[in-house]
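missing the sequence, but the structure's below:
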């Protein structure tokens, strides 16, 4: 992948999946293992041709009167005719921000009055999020805009509420024994059907109460402990969160992972949670002892995203 155009990385939402729909906190970090950038090619292979064709369709969306900023659609159209495509190693449907990186790259290259990648004020981050919400909604229903914001800024983001988010510095201990890791379910998940199941469940009073009184409480406690580097409260609340997800988000847990989820809760060697909307893609795990856990789960090819 040549470096002539800026690289945009994938992202991992460590905490807040589904909860942020109902105003919980969220914590997201860039995942530099996965990346994408614009490239030009005169003779396409199948993937490049598909990317180019999809960008032509997206171009029509960007021409809409409802667009929240002015795009240089003439330049984009000219580039597409010259062989532009998005060269990406970010897998689609795995909860690591494939459409987010593409949207960030388009904004960066074609928005005529763009906000800096290092916004000085929270109002600018909020404005970015609103622009990206509109841009990404083309790909999967109603987007929060958070994924592309993280991909664009390339920094960990703390989401305090729907309207309040800002960059955050995390403890850096790359030599620790603990880790956040991903397990591959082997099949992509689709965001929209999973979100529809969630919205349907919100019609039940018991589910709403669980979300408000337990899920959001444990989720926000996990974020606080993680940002402060306090592993004991982190794992205490992770266990509660993992158990709640197993009991209440059963359709979102990829096939074949329910027993693994239970084993983690029973042994306390690791705790699993959803990565993105679930249904497939990756499953996320947290452990105090990655060497031991990676041996236990080696058939799922664990991949480290953060050490602590």
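On my side now, so go ahead. These figures come from a predicted structure and were not determined experimentally. Numbering: from 1, shown residues only.

looking at the protein, which strand is longest?
strand 26-40 (DSSP state E).

quick check: residue 104 vs residue 66, distance?
The gap separating residue 104 from residue 66 is 20 Å, by CB to CB, to the nearest Å. Using the backbone N, CA and C atoms, a C-beta is placed for each residue, glycine as well.

buried residues, the worst-scoring helix or strand of the chain on mean pLDDT. List them.
Lowest by mean pLDDT, DSSP states H and E among the helices and strands of the chain is strand 164-167, with a mean of 85. For strand 164-167, burial by neighbour count (16 or more other CB atoms under 10 Å) applies to residue 165.

mind listing residues that contact that strand?
122, 125-126, 129, 146, 149, 153, 155-160 (CB atoms under 8 Å, 6 or more residues apart in numbering).

can you name the next helix or strand after the longest strand of the chain?
Where DSSP states H and E defines the elements, the next helix or strand beyond strand 26-40 is helix 46-62.

okay, the angle between that next one and strand 26-40?
Interaxial angle, helix 46-62 versus strand 26-40 (axes from the mean of the first three to the mean of the last three CA atoms, to 10 degrees): 110 degrees.

packing partners for helix 46-62?
helix 73-81, strand 84-88, helix 98-110 (3 or more CB pairs under 8 Å, 6 or more residues apart in numbering; DSSP states H and E).

quick one: mean pLDDT over the longest one.
Averaged over helix 98-110, pLDDT sits at 96.

pLDDT of the helix or strand just after it, averaged?
As assigned by DSSP H and E, the chain's next helix or strand after helix 98-110 is helix 122-137. In this model, helix 122-137 carries a mean pLDDT of 94.

which elements pack onto helix 122-137?
helix 98-110, helix 146-153, strand 164-167.

list of residues touching that helix?
62, 66-69, 99-100, 103-104, 106-107, 111, 115-116, 119, 142-149, 152-153, 157, 163-167.

the domain parsing of this protein - what is it?
8-167, 179-307 (automatic domain parsing).

which of the contacts of helix 122-137 are buried?
62, 69, 99-100, 103-104, 106-107, 111, 115, 119, 143-149, 152-153, 157, 165.

residue 140 touches residue 194, doesn't it?
No - with contact defined as CB atoms under 8 Å, residue 140 does not count as touching residue 194 (10.1 Å).

those two: who's more crowded?
Ranked by neighbour count (other CB atoms under 10 Å), residue 140 and residue 194 place residue 194 first, with 21 against 14.

separation between the more buried one and residue 82?
Distance check for residue 194 against residue 82: by CB to CB, it reads 38 Å.

and if you look at residue 107?
20 Å.

again, but for residue 120
For residue 120, the distance to residue 82 equals 35 Å [CB to CB].

next: residue 183.
According to CB to CB, residue 183 and residue 82 sit 41 Å apart.

what do you get for residue 132?
26 Å.

ok, those two, which is more surrounded?
Set residue 132 next to residue 82 and count neighbours by other CB under 10 Å: residue 132 wins out with 25 against 10.

what's the neighbour count on residue 182?
Residues within reach of residue 182, counting by other CB under 10 Å, total 23.

one more: the one 3 residues further on?
Residue crowding around residue 185 was assessed by other CB under 10 Å; the count is 21.

nearest spatial neighbour of it, skipping sequence neighbours?
Using CB to CB, 6 or more residues apart in numbering and skipping the chain neighbours, the partner closest in space to residue 185 is residue 254 (3.6 Å).
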